[in-house]
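Asker: Can you look at this prediction? I've put the sequence above it.
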Amino acid sequence: MYPKNTWYVAATPDEISDKPLGRQICGERIVFFRGEDDTVAAVEDFCPHRGAPLSLGFVRDGQLVCGYHGLVMGCEGKVACMPGQRVRGFPAIRSFPVAERHGFIWVWTGDASLADETKIPNLFWAENPGWAYGGGLYHINCDYRLMIDNLMDLTHETYVHASSIGQPEIEESSPVTKTEGDEVTTSRHMENIMPPPFWQAALRGNGLADDVPVDRWQICRFSPPSHVMIEVGVAHAGHGGYDAAPEYKASSIVVDFITPETETSIWYFWGMARNFKPEDAALTDTIREGQGQIFSEDLEVLESQQRNLLEYPDRQLLKLNIDAGGVQARRVIDRILAEENANRSKQ
Amino acid sequence: MYPKNTWYVAATPDEISDKPLGRQICGERIVFFRGEDDTVAAVEDFCPHRGAPLSLGFVRDGQLVCGYHGLVMGCEGKVACMPGQRVRGFPAIRSFPVAERHGFIWVWTGDASLADETKIPNLFWAENPGWAYGGGLYHINCDYRLMIDNLMDLTHETYVHASSIGQPEIEESSPVTKTEGDEVTTSRHMENIMPPPFWQAALRGNGLADDVPVDRWQICRFSPPSHVMIEVGVAHAGHGGYDAAPEYKASSIVVDFITPETETSIWYFWGMARNFKPEDAALTDTIREGQGQIFSEDLEVLESQQRNLLEYPDRQLLKLNIDAGGVQARRVIDRILAEENANRSKQ
Amino acid sequence: MYPKNTWYVAATPDEISDKPLGRQICGERIVFFRGEDDTVAAVEDFCPHRGAPLSLGFVRDGQLVCGYHGLVMGCEGKVACMPGQRVRGFPAIRSFPVAERHGFIWVWTGDASLADETKIPNLFWAENPGWAYGGGLYHINCDYRLMIDNLMDLTHETYVHASSIGQPEIEESSPVTKTEGDEVTTSRHMENIMPPPFWQAALRGNGLADDVPVDRWQICRFSPPSHVMIEVGVAHAGHGGYDAAPEYKASSIVVDFITPETETSIWYFWGMARNFKPEDAALTDTIREGQGQIFSEDLEVLESQQRNLLEYPDRQLLKLNIDAGGVQARRVIDRILAEENANRSKQ
């Protein structure tokens, strides 16, 4: 139950730099590779000759060569050639709309005729030299919506990430949630509190005192199908908080692209975009490592939550004020799913 | 197919000394923890907020705090509080009758209104300073009844435990089996035989000659749902065997609590209670280690037997005289299961 | 869907030299052991007493002793004795026709009354001192027919085994396939080509120049149910190729016995028989190691091909000229399966 007529992040460019990548997305087994002119291509990971995964093969001159008997697959899913064979009558396999944009490879697993690259989210920071980005990829065995819930209710930081970004003040201040069109925003502002360890380090990294009270903010923005961008930051208290001048604050954007693999598993692309010291590659590595550590703490919770929900499929979960972000995001998703269903019925 | 209106051993106290313990028993996912006044508590391992296992959380002031968003669960399954929330309308989760007695934590997974702590078996040796106990826990993938069969027919010692407690004389002497009420007893007495290695060590440990003929006995007592206490021992031959005076013998009680996890897996609490040198903690450790080694030899047999039985569900097994203990124990279990079924139908 | 009234290779003698061997073949769990006079025996791996696998036991005086309670099983599946028991009324278990021949242990999993040892393939090289054999065993999770396809279409060598036996000339020369009775032969002859690394080594091992053009041949012979013998070799070019005199060539027989474990897994007995330097045991080891390495390259392809086919059960695969060997072999198998079905219906 995931939208299909939409763009998902499928991979990062380094994953296909020297060989094809086989990855299941939205239930589809897909092989990604660099075709002619290094343009990324995506076709079914199924050789029409004998059914071997094409991802076991290699790329030659922008075409994908099957590693079993050498069938050569073109970027559009049509067989280009095969040693000793006339391939004109060979069945084509499915190709998927795919695009490389903002440092990610995006795929559209639904109706290809509806694929529109202008609908790929505009990551304003991605090509901006004033910003730096670092991130990683986790595979998690849970419904993609559990990850959305997780990110749209950051009170879990106090418990799951107690030693890094969590602090009691998070759950003491109520979030404000609103939906505008397809976008859901949950905001929380905490004033005059002491920064937790992660933000102390960020303040220091930014040349600011780390032992003084700060104003802290978290603004989570969900957009369909399952992207969550979170503006996070702290400013020395009393200088305007979120609106403080740059010299008083450390802030960044937590980037989360959640791509369903199956109904109960995801590819979770996480990262952080920052607009301070963007040229400092060592800092990028340090932040990536810290974030990777923190985000790995969610894995056990999410996977065991998923197991419990499968075990007790009829239980109703609570929808509290802190859950409003996830609840409203699910409403948007449900509407999109209903629209996709209605369109399918019409055809 | 296990009795539910009964007490099972769920855990040992050390397992919940510093954090909650999640354990599936009779198909129920349960979290055990120390509540107010350190009294043990047991509730469903399912947070009513978002379904995360409560066992991932921690105990604070005798209440269980969910490790995901901080919901605080009380011992009776009622939500005590949650940061920033009014919890009065929150749904309760199931709690389970639970008791700490004789060095074990006992749970009742059936109808709570029938739970009666006086029905917990009276382990006379447990609080007796003249006795010492050491034991351990194994997880085994088999029907709990296969473990009962195993313990009620000790001829397997000759084959499975050939190097420690097995000896040909076991299978050469017929057991006597009888059922009295719900208790099944299988007794075997062997006279004037040489003691096997385990008993040689026990004789030595007890200050007795280990190279002389002995009389040996094994008295297996099954009581529902799946407890098997086995009186075992040797006495220098000709001094009365089982009834010999203490200075001629080494004896102990093999303690077996078999707790179903699912239809085809168990938690097996094994141990040994002895009434010689009870203050010798090093001896307790030595015996525990030896027994653990011996009992681990049963695991592969039981798990592969279970796989075979699942593969050939229609095969009838033999019921020989040596199997009488297991057969009669199953008859008791079947009667209890039938009674539970009948009572359920009436309601 | 595999023939059952036929001989399969079950094991090699070293596998039962000191203890029984439990192995599932054609869906049957079987235990193999050396009975009286060291004759190999095969019975169900299921003790009629309590269902434990007999393969966990041991052999004593040509009989199989159950490792649980000591039931003694005879070679024909009849219980010989059991300590303290009269076994006359004990149910027999199934025994399987089994034979040791040509360095392999063969089993017949179908109707025992049809088992005819004269139908065991005659491996003329096996007892011939002019030949040497070395081989190994792989377990692979795939339908046995995928392995037959693999071996009957050696164009895959160019891709899967590019660094050892593969070379482009394989796929440039068309194979000739024909069926005679139940045997399918696919032949390929390549003339005046440079030998790939494996054959360079073989030429050197045979005292021949390895840097000159050769004629190379591959003659794959399938016979039911799933045996594939492949004559392979090279001769210095221009001396008659396959028919060249021994002093100009290096050749051998690739031996493949494919034994279904289940519908989607196999025991793959692979090896090589050669008629040069047969007394050179070190060379046998070197070849075995090299072949084992090469053949292990097929595992990932076959297992992932199988997964893809299970995922897309309705896809039709292509049947090209290079696939003719596999296609015709499947036709033979299908006819045999139809005959077995028809005979079963008649009964």
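Answerer: Yep, it's here.

Asker: okay, now the domains of chain A?
Answerer: A:7-119, A:132-340 (automatic domain parsing).

Asker: just how off-centre is the first one within its chain?
Answerer: Okay, so that is domain A:7-119. With C-alpha atoms, centre = their mean, to the nearest Å as the basis, domain A:7-119 stands 21 Å off its chain's centre.

Asker: can you tell me if that domain touches chain C.
Answerer: Yes - using C-beta under 8 Å from any C-beta of the partner chain, we find that domain A:7-119 touches chain C at A:29, A:45-46, A:48-53, A:56-57, A:65-70, A:82-85, A:90-91. Just so you know, the C-beta spots here come from the backbone N, C-alpha and C atoms, and that holds for glycine as well.

Asker: Point me to the residue of the stretch 201-347 of chain A nearest chain B.
Answerer: Residue of the stretch 201-347 of chain A nearest chain B, by C-beta to the nearest C-beta: A:Gln305 (4.4 Å).

Asker: That residue sits in which helix or strand?
Answerer: Secondary structure assigned from DSSP states H and E places A:Gln305 in helix A:281-311.

Asker: how about whatever helix or strand comes next after that helix against chain B, any contact?
Answerer: Once helix A:281-311 ends, the next helix or strand along the chain (criterion: DSSP H and E) is helix A:324-346. No - contact of helix A:324-346 with chain B (C-beta under 8 Å from any C-beta) is absent, the minimum separation being 8.9 Å.

Asker: Can you list the helices and strands that helix A:324-346 packs against?
Answerer: Under the contact definition 3 or more C-beta pairs under 8 Å, 6 or more residues apart in numbering or on different chains; DSSP states H and E, helix A:324-346 sits against helix A:144-152, strand A:176-180, strand A:183-193, strand A:214-223.

Asker: got the residues of chain A near chain B?
Answerer: Applying C-beta under 8 Å from any C-beta, one finds that chain A approaches chain B through A:149, A:153, A:155-156, A:158-160, A:168, A:171-172, A:174, A:300-301, A:304-305, A:308-309, A:311-312, A:315-318, A:320-323.

Asker: on that earlier part again, for B:Asn122, find the nearest of the domains of chain A.
Answerer: domain A:132-340 (35.5 Å; C-beta to C-beta).

Asker: for the closest one, what is the average pLDDT?
Answerer: Averaging pLDDT along domain A:132-340 gives 95.

Asker: starting at the chain centroid, how far to that domain?
Answerer: 12 Å.

Asker: if we can go back for a sec, could you give the angle of the helix holding A:Gln305 to helix A:144-152?
Answerer: Orientation check (axes from the mean of the first three to the mean of the last three C-alpha atoms, to 10 degrees): helix A:281-311 against helix A:144-152 gives 130 degrees.

Asker: got CSV for the helices and strands packed on helix A:324-346, with mean neighbour count too?
Answerer: Shown next, in CSV, are the helices and strands packed on helix A:324-346 (neighbours: other C-beta atoms under 10 Å in any protein chain shown):
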stretch, mean neighbour count
helix A:144-152, 24
strand A:176-180, 14
strand A:183-193, 19
strand A:214-223, 23
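
Asker: Redo those as CSV? Include distance to chain C.
Answerer: Shown next, in CSV, are the helices and strands packed on helix A:324-346 (distance: least, C-beta to the nearest C-beta, whole Å):
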stretch, distance to chain C
helix A:144-152, 21
strand A:176-180, 38
strand A:183-193, 35
strand A:214-223, 31
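
Asker: follow-up on the earlier one: return the members of the residues of chain A next to chain B classed as buried.
Answerer: A:149, A:153, A:155-156, A:158-160, A:171, A:301, A:304-305, A:308-309, A:317-318, A:320, A:322-323 (16 or more other C-beta atoms under 10 Å in any protein chain shown).

Asker: Contacts only, for A:Cys81.
Answerer: A:Val72, A:Val87 (C-beta atoms under 8 Å, 6 or more residues apart in numbering or on different chains).

Asker: ok, now how distant is it from B:Arg274?
Answerer: From A:Cys81 across to B:Arg274, the span is 80 Å (C-beta to C-beta, to the nearest Å).

Asker: now do A:Ile333
Answerer: For A:Ile333 relative to B:Arg274 (C-beta to C-beta), the value is 63 Å.

Asker: Contact partners for the residue of the stretch 201-347 of chain A closest to chain B?
Answerer: In this structure, A:Gln305 makes contact with A:Cys142, A:Leu146, B:Arg50, B:Gly51, B:Ala52, B:Pro53, B:Tyr68, judged by C-beta under 8 Å, 6+ apart.

Asker: So which of those is surrounded by the most neighbours?
Answerer: Most neighbours among the contacts of A:Gln305, by other C-beta atoms under 10 Å in any protein chain shown: B:Ala52, with 28 neighbours.

Asker: Tell me how many other residues surround A:Tyr2.
Answerer: Using other C-beta under 10 Å, A:Tyr2 has 26 other residues around it.

Asker: mind checking the SS state of the residue of the stretch 1-150 of chain A found nearest chain C?
Answerer: Of all residues in the stretch 1-150 of chain A, A:Pro83 sits closest to chain C, at 3.8 Å by C-beta to the nearest C-beta. Secondary structure assignment for A:Pro83 (DSSP: H, G, I helix; E, B strand; the rest coil): coil.
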